[in-house]
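Enquirer: Pasting the sequence and the predicted model now:
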Amino acid sequence: MQTPTRLPATVAPLLAARTPGNAGRLAVALIAAGVPAVAGAQSTLDAPENVSHGWVAAPGAVQFNFLHRFSRGPAPIHKVTNAPTFTVGVGLLPWLTLGTSYLSNSDLIPEIPNEWESFLRIAPLQQDLGAPVDVFLQGSWNGAAKSVDGSILFGRRVGRVKLVALAGVLGDAFRFGPTRALIGGGATVRLSRFIAVSGDLVSLADRAGAEKVSWSAGLQVGVKASPHSMSLHASNVAGRTLQGIARGTGRTRYGFEYTVPITLSRFFHRTSEPADGAKATPRAARTGAEKAVVIDLRNLRYSRGRVEVPVGTTVTWRNRDPLAHTVTADSGSAQPWDSGLVETERTWSLTFDAPGTFTYHCTPHPFMKGTVIVTPAGTAR
Ligand code: CU
């Protein structure tokens with residue numbers, strides 16, 4: 001049995017200054033690192049309303065999205081009709097989410113107001129984690145149409161703009177029998193860290209003359225100091241199932257969405273093993289260290305879940321989220337380090353002066369986990 005080692009990292013709050021952006025270099029470093037996929041939570045700031053089949057839940061977390069749209073009927077009564085969609089997804093694996101959407105006032109099949117779509121989502125590539133693009137796959141069962149459906153979504157963020165493109169297949173389109181394909185695309189444009197505008201269009205590939213293109217347009221808002229985001233938008237479809245967005249209706253609906261990640265893992269959080277047997281050789285913090293690594297905190301995850309660095313490296317964590325995070329050594333460390341709350345756009349740095357494996361997490365969001373492996377000088381890449 002190992003005795004817990006002293007933490008050989010020198011807490012060097014090099015500190016909470018804004019780092020100059022070197023996004024290009026960081027992106028190259030992330031791509032080169034080939035980091036393992038660790039899925040995060042969804043923010044409406046990254047996805048237009050209808051073409052947003054690309055979100056996955058954090059592993060061990062339950063993602064609850066409440067989408068509510070309403071439309072106004074004809075004069076003189078102007079009856080308001082509500083169409084809520086509840087989506088619950090569970091992050092089973094870092095790249096796998098299982099979930100279901102329920103729409104209580106669907107107009108997909110006129111005689112079936114209750115529409116269910118149960119789905120499996122796989123996220124093999126994510127730009128936040130260093131891949132050049134996002135790729136999300138969904139397979140689903142639509143209970144109203146009694147149809148097996150599937151889609152693939154590509155996304156790419158370039159500066160303030162996030163572009164998404166979607167292609168899908170409906171096994172039994174609208175319960176009429178034929179298999180039909182759909183294509184769509186959209187974008188969000190960040191006006192600030194907390195606000196984006198968005199829009200998207202989806203069409204059946206073989207759209208007949210009377211069939212409409214579906215659309216949405218809206219304002220996306222990150223709720224400051226929280227993991228939540230919301231959307232205010234208009235669309236001509238009631239819900240967001242793959243069948244639902246495939247074809248527009250004649251009615252404009254107005255609505256909102258609120259996203260709620262529920263982090264059950266905080267109740268099942270395992271303490272990590274002690275860092276492996278490195279000798280404790282704490283040294284004074286270096287300044288102007290020649291080796292530096294930057295890890296972004298974005299969408300409730302560390303952009304590089306696992307980094308390997310040579311001794312003497314200063315690792316800087318940079319918070320790109322609208323809420324505060326921490327960089328906190330897992331329990332078991334003899335000398336636990338803790339960044340304290342790192343606010344939006346602030347950074348926190350730590351210099352690692354002895355070899356070892358160090359696991360850490362975020363205190364408010366314990367499903368956020370990372371590992372720093374410090375190798376003896378001269379052995380790391
Ligand atoms: Cu956090």
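Expert: Here it is on my side, so go on.

Enquirer: Could you measure from Ser231 over to Ala187?
Expert: When Cβ to Cβ, to the nearest Å is applied, the distance between Ser231 and Ala187 equals 14 Å. From N, CA and C alone the C-beta is placed, and that goes for glycine too.

Enquirer: Helices of the stretch 151-300 of the chain, residue ranges please.
Expert: Using DSSP state H, counting those that start in this stretch, the helices of the stretch 151-300 of the chain run over residues 242-245.

Enquirer: ok, which stretches of it are strands?
Expert: Here the stretch 151-300 of the chain has its strands, by DSSP state E, counting those that start in this stretch, at 161-170, 180-190, 195-204, 214-222, 229-235, 253-262, 292-297.

Enquirer: need the contact list for the residue in the stretch 101-250 of the chain that the ion sits nearest to.
Expert: Using Cβ to the ion, the point where the stretch 101-250 of the chain gets nearest to the ion is Pro227, with a distance of 7.8 Å. Residues near Pro227 by Cβ atoms under 8 Å, 6 or more residues apart in numbering: Ala41, Pro261, Leu300, Leu323, His365.

Enquirer: so the last one, which of the three states?
Expert: Okay, so that is His365. The assignment at His365 comes out as coil when based on DSSP: H, G, I helix; E, B strand; the rest coil.

Enquirer: Roughly how far does it sit from Asn299?
Expert: From His365 across to Asn299, the span is 11 Å (Cβ to Cβ).

Enquirer: Could you pull out the buried residues of the longest strand along the chain?
Expert: In the chain, taking DSSP state E as the definition, the longest strand is strand 80-93. Under the neighbour-count criterion of 16 or more other Cβ atoms under 10 Å, strand 80-93 has Ala83, Pro84, Thr85, Thr87, Val88, Gly89, Val90, Gly91, Leu92 buried.

Enquirer: The fourth one contacts Phe64, correct?
Expert: Spelled out, that is Thr87. Yes. Because the distance of 7.2 Å satisfies Cβ atoms under 8 Å, Thr87 is recorded as touching Phe64.

Enquirer: so can I have a markdown table of the strands of the stretch 151-300 of the chain showing distance to the ion and mean neighbour count?
Expert: Written out in a markdown table, the entries for the strands of the stretch 151-300 of the chain read as follows (distance: least, Cβ to the ion, whole Å; neighbours: other Cβ atoms under 10 Å):
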| stretch | distance to the ion | mean neighbour count |
| --- | --- | --- |
| strand 161-170 | 22 | 20 |
| strand 180-190 | 20 | 20 |
| strand 195-204 | 21 | 21 |
| strand 214-222 | 14 | 22 |
| strand 229-235 | 15 | 22 |
| strand 253-262 | 11 | 20 |
| strand 292-297 | 7 | 21 |
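
Enquirer: got TSV for the ones you listed, with mean pLDDT too?
Expert: Listed next are these as TSV, based on pLDDT from 0 to 100:
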stretch	mean pLDDT
strand 161-170	95
strand 180-190	95
strand 195-204	95
strand 214-222	94
strand 229-235	94
strand 253-262	90
strand 292-297	90
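
Enquirer: Past the lowest-mean-pLDDT helix or strand in the chain, which element shows up next along the chain?
Expert: Each helix and strand of the chain was given a mean pLDDT (mean pLDDT, DSSP states H and E); the minimum falls on helix 23-33 at a mean of 32. From helix 23-33 onward toward the C-terminus, using DSSP states H and E, the following helix or strand is strand 62-72.

Enquirer: Let me see the confidence value for the single nearest residue of the stretch 151-300 of the chain relative to the ion.
Expert: Nearest residue of the stretch 151-300 of the chain to the ion, counting by Cβ to the ion: Leu300, 6.2 Å away. Leu300 carries a pLDDT score of 84 in this model.

Enquirer: With Pro282 instead?
Expert: In this model, Pro282 is scored at 34, pLDDT.

Enquirer: now swap in Leu14 and tell me
Expert: According to the model, Leu14 scores 30 on pLDDT.

Enquirer: what's the answer for the one 5 residues further on, then?
Expert: Predicted confidence (pLDDT) at Thr19: the value is 36.

Enquirer: could you measure Val294 against Thr347, distance?
Expert: Taking Cβ to Cβ, one finds Val294 at 8 Å from Thr347.

Enquirer: again but with Phe174, I slipped
Expert: When Cβ to Cβ is the yardstick, Phe174 and Thr347 sit 51 Å from each other.

Enquirer: cool, and Gly130?
Expert: When distances are taken as Cβ to Cβ, Gly130 and Thr347 turn out to be 19 Å apart.

Enquirer: just Ser229 next, same as before
Expert: Remark: distance between Ser229 and Thr347 (Cβ to Cβ) = 23 Å.

Enquirer: name the element Thr351 belongs to?
Expert: For Thr351, the enclosing helix or strand under DSSP H and E is strand 347-352.

Enquirer: in its sheet, what does the next helix or strand after that strand sit against?
Expert: The C-terminal neighbour of strand 347-352 among helices and strands, as given by DSSP H and E, is strand 356-361. For strand 356-361, the paired strands and their directions (DSSP bridges) are strand 328-329 (antiparallel), strand 369-375 (antiparallel).
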